[in-house]
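**Q** Quick one, structure for this:
(chains A, B and C)
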Amino acid sequence: MRTFINVEDIGDLRQALAEAQEIKNDRFKYQHLGKNKTLMMIFFNNSLRTRLSTQKAAMNLGMNVIVLDVNAGAWKLETERGVIMDGDKSEHLLEAIPVMASYCDMIGVRSFAGLTDRGYDYAETVLHQFIKYSGKPVFAMETATVHPLQAFADLITITENRDGCRPVSERQDNGFTKSEDCGTNSGEPAAKTTKRPKVVLTWAPHCRALPQAVPNSFAQWMNAADVDFVITHPEGYELDPQFAGDARIEYDQMKALQGADFVYAKNWSCPGVTRPEDYGKILSKDPGWTIDAAHMAVTNNGKFMHCLPVRRGLIVTDDVIESENSLVIPEAANREISCSVVIKRMLESM
Amino acid sequence: MRTFINVEDIGDLRQALAEAQEIKNDRFKYQHLGKNKTLMMIFFNNSLRTRLSTQKAAMNLGMNVIVLDVNAGAWKLETERGVIMDGDKSEHLLEAIPVMASYCDMIGVRSFAGLTDRGYDYAETVLHQFIKYSGKPVFAMETATVHPLQAFADLITITENRDGCRPVSERQDNGFTKSEDCGTNSGEPAAKTTKRPKVVLTWAPHCRALPQAVPNSFAQWMNAADVDFVITHPEGYELDPQFAGDARIEYDQMKALQGADFVYAKNWSCPGVTRPEDYGKILSKDPGWTIDAAHMAVTNNGKFMHCLPVRRGLIVTDDVIESENSLVIPEAANREISCSVVIKRMLESM
Amino acid sequence: MRTFINVEDIGDLRQALAEAQEIKNDRFKYQHLGKNKTLMMIFFNNSLRTRLSTQKAAMNLGMNVIVLDVNAGAWKLETERGVIMDGDKSEHLLEAIPVMASYCDMIGVRSFAGLTDRGYDYAETVLHQFIKYSGKPVFAMETATVHPLQAFADLITITENRDGCRPVSERQDNGFTKSEDCGTNSGEPAAKTTKRPKVVLTWAPHCRALPQAVPNSFAQWMNAADVDFVITHPEGYELDPQFAGDARIEYDQMKALQGADFVYAKNWSCPGVTRPEDYGKILSKDPGWTIDAAHMAVTNNGKFMHCLPVRRGLIVTDDVIESENSLVIPEAANREISCSVVIKRMLESM
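**A** Residues are numbered from 1 along each chain as shown, chains lettered A, B, ... in the order given. Next up is the predicted model:
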């Protein structure tokens, strides 16, 4: 595996989930793979979970890790060509990328959306420059439009908690190989004993304009998984079709949540699909969309999920996120697992 | 050992000092204990000695280390419950703590006093939330009211330099097991050949309001050790009774210093014991309290100690801190040793 | 080796280049040397290449690495003696240095020129305080007036690319031991089959006042190497004689570049040699000095070099830096190699 950006990069999901379970059972099993290999984590934006879980995953695999906060430890980088660089940017990505790449064997990139220029953000310029000019395996640690390490961790978490499935961590068999337990996109129809879980991605209000990376990747991965997937949001928040795919859109949030097994709450700003001029704007702060007990009451004893960080009182109420049905902590813990699988795959293909 | 906050956490001081010596003689002796274990160091405030010595100690013990500067690399964390989080804080400690804990095996926390709300500071809310919600061993890397790694290093330094004791590093026997050499709180009366050293904690002036963490812990540890302990400061600077204990208070600094074997200088702001409304205030900048040659002249050829960083010209004069009797450097070097003992204990109890 | 500041510190250049090749062929060959040894990298200024390549080199050699950004993770340090420290500096270097040194086995220091006080900068006060007070091996990671890790990497790069020499990385023999191939300052006259390459250090314009560290060290190392060395710059930019040595100065840039095998472009501010009152000033922004295709056309199919970061459009045009003759990326990659040799030498002498 040379890049990890989209769900296709991970290949068969059943196999990927089996590897996730294997690693969760013994996080240090593949430690020999990373010997004398160095991961460089490059942050253009701040991070908590990604920073920590990726370091942990790389160390589990025996790698050395170098963390670079571009803006704090180094300086601003120019990304456009043909510029006379007499401003505040001291170096061009065209030099910085191959140089950074020369000191490592693998690169993780964190780069947020600017939310002002839709074309620029969705072109993923920075990420693709890293892929093109580094010559090294590159994975997205959340970029302008995708957050695949999160979506993979979300899928692991849903798989561990879906009806009829014991949690991965408690199983003796590898579990994921039996379609009657946890069939995902295996091509086979789910066995009668398995209920396809209903997963609802719901927009929720926030005080700041946020990127679409998390809902984009979550939608992409859910479309590829063996689940009944519904997206709900106020009008105007339609996700880009390359990510939303054929997912069912339901503008009535309560209707969407009915019978849900998993409620995945997240705010995002306007993706600008129907009205490009609204890209990155906040179209609604409607507190009626905040997930509270009344919302959860219409679900099928649904589990609550969020990628974190979460603004309490805006996205979700205290009682819901602190309830027994909240999966936010094991979901975050699975970031170490999803990242371990990705790094292991990249190390194996070197 | 699951927490390291107060002197009671370390148990028998004689045994702890023996372990300190053992580790000082061979810093890598227990390296096997930390294999595949990760320490997460979480800083809410800047740090020099603690940051470096704790990393070194953890690496000596074979651990992986992740350093998180919360405000620089991540974002501000909400610590109050029931808040609608529409301000500048992106995440609640109630999520952040268990998430961070899920990526590591042990946590060190650095969190300073705000010095505005005595009740909040002395409740140690942040530290206790880490203990309650992380499920992992937690040690204080200086918090609002305590700095036990410093106090333990101070005790090691005093033990190495007290009359009749050869320095730990130069000894062949383990030393600390013989009460006639370095008896501490062993319950046995000190043998005739041992002089109980006089240790004086003296307030000194500073240009900024500083926390009471260092004097609090130093007082607590000296009260537990086999020394003659005196505290001197201007009126109004009385330490909290839970830390000052039965220590003798002497408001006349020169009288306190007479015959001292160890002079431990430190500034602190008003602890607000007698006048809660003065909490965190600077009550005096009296330059007469600055430790200079005249102050040291009345001691018993006393050693000068300070936890560092120290403001020269305010706390102490250049000639005193640069004198042969200054222990500030070996005292700081012992931070690696005190921390090694604490981490070793925590690893052993996993 | 206890210090690495000047070219003399590395000893025989032929031997140093042979070690560079050996390490480039197997970067992990000397990994046993660094076991249980810790490098502390101390940054008073930001850095990209030095930060990353030095970490990588130390990890290649099996060391633990602690990175300290003094201003970000700690606090400002006082460097002058006899000061009453009631300002913004919390700690004196006289305490900070031995304390930091007590937690490590080797120190790298990054400290830029202030460019206001020539005497202070050229005295290298901070660097020499580290050497004097740390008691540990110290190497310069670019300081006020020198950047020897860069100059050594430059020499490796020139050696790999000079006429008649196959690149080090492609050679089976060790190459550097044969004077007919890559003779450097071996004392023997170069054999007939070898052409002494013409190396031209050329000043180029920049929007900000930059230190002289890179051109100083480059000149010092080229003077010691087996090359035909020429320096060109506008009048007033004369380098300090301790670095310029006997190098030929040519004020006509195009004349200097004629027949050049290597063009080393770099901006620097006025060194204040002829007019001390101009120290650190920008005397020229003449765009005629920017290296473009017309400049390269008069060379002997010359290679373009720059230490990076480089301001495109000021120092060099896009077409030149992106041309096949540009060595900027392999030159930066050799920073890992030059640093590995230095750290290896220091480890061997412990």
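**Q** Show me what from chain A comes close to chain B.
**A** Within chain A, the positions lying close to chain B (C-beta under 8 Å from any C-beta of the partner chain) are A:27-28, A:31, A:43, A:46-49, A:51-53, A:55-56, A:59-60, A:69, A:72, A:207, A:308-314, A:318, A:321-322, A:328-329, A:332-333, A:336. Any C-beta I mention is one placed from the backbone N, CA and C, and that applies to glycine too.
**Q** Quick check: pLDDT value at A:S47.
**A** Here, the pLDDT recorded for A:S47 equals 85.
**Q** Not counting residues beside it along the chain, what's closest to A:I5?
**A** By the measure of C-beta to C-beta, 6 or more residues apart in numbering or on different chains, the closest residue to A:I5 outside its immediate chain neighbours is A:A140, 5.1 Å from it.
**Q** ok, now which ones touch the residue most central in space within chain A?
**A** If you average the C-alpha coordinates of chain A and look for the closest C-alpha using C-alpha atoms, centre = their mean, you land on A:Q150, 2.6 Å from that point. When contacts are counted by C-beta atoms under 8 Å, 6 or more residues apart in numbering or on different chains, A:Q150 touches A:142, A:214, A:217-218, A:307, A:335, A:338.
**Q** Go through those and say which is closest to B:Q258.
**A** Proximity to B:Q258 was ranked across those by C-beta to C-beta; first place goes to A:R335, at 60.4 Å.
**Q** So the closest one sits against A:S47, correct?
**A** No. With contact defined as C-beta atoms under 8 Å, A:R335 does not reach A:S47; the gap is 11.0 Å.
**Q** Which one of the two is surrounded by more residues?
**A** The neighbour comparison of A:R335 against A:S47 (other C-beta atoms under 10 Å in any protein chain shown) goes to A:R335, with 28 against 21.
**Q** Point me to the helix or strand that includes that one.
**A** Counting by DSSP states H and E, the secondary-structure element that holds A:R335 is helix A:328-348.
**Q** Show me which of the residues of chain A next to chain B are buried.
**A** The neighbour-count criterion (16 or more other C-beta atoms under 10 Å in any protein chain shown) marks A:27, A:43, A:46-49, A:51-53, A:55-56, A:59-60, A:69, A:72, A:308-314, A:321, A:328-329, A:332-333, A:336 among the residues of chain A next to chain B as buried.
**Q** What about the contacts of A:Q150, which are in strands?
**A** Cross-referencing those with the strands (criterion: DSSP state E) gives no overlap at all.
**Q** of all those, which comes closest to chain B?
**A** Top of the list for closeness to chain B, among the contacts of A:Q150 and by C-beta to the nearest C-beta, is A:R335 at 8.1 Å.
**Q** Ignoring the adjacent residues along the chain, who's closest to that closest one?
**A** Spatial nearest neighbour of A:R335, chain neighbours left out: A:S53 (3.8 Å); criterion: C-beta to C-beta, 6+ apart.
**Q** Identify the residues contacting whatever helix or strand that neighbour lives in?
**A** Under the criterion of DSSP H and E, A:S53 resides in helix A:49-60. For helix A:49-60, contacts defined as C-beta under 8 Å, 6+ apart pick out A:23, A:27-28, A:31, A:34, A:39, A:41, A:43, A:65, A:67, A:108, A:110, A:141-142, A:149, A:308, A:332, A:335-337, A:339-340, A:342-343, B:36, B:38, B:40, B:64, B:66, B:68, B:73-74, B:99-100, B:103-104.
**Q** If any of those are buried, put those into a PyMOL selection.
**A** Here is the PyMOL command that selects only those of the contacts of helix A:49-60 that count as buried (16+ other C-beta under 10 Å):
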select buried, (chain A and resi 23+27+34+39+41+43+65+67+108+110+141+142+149+308+332+335+336+337+339+340+342+343) or (chain B and resi 38+40+64+66+68+73+74+99+100+103+104)
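**Q** Among the contacts of helix A:49-60, which lie within helices?
**A** Helix and strand membership here follows DSSP state H; of the contacts of helix A:49-60, those in helices are A:23, A:149, A:332, A:335-337, A:339-340, A:342-343, B:73, B:99-100.
**Q** Looking at the residues you listed, which is nearest chain C?
**A** Ranking the ones in helices among the contacts of helix A:49-60 by separation from chain C, with C-beta to the nearest C-beta as the measure, puts B:G73 on top at 9.8 Å.
**Q** right, and the helix or strand after the lowest-mean-pLDDT helix or strand in chain A?
**A** Across the helices and strands of chain A, the lowest-confidence element by mean pLDDT, DSSP states H and E is helix A:179-182, at a mean of 38. Past helix A:179-182, further along toward the C-terminus, the next helix or strand under DSSP H and E is strand A:198-203.
**Q** I'm done for today, thanks for sticking with me.
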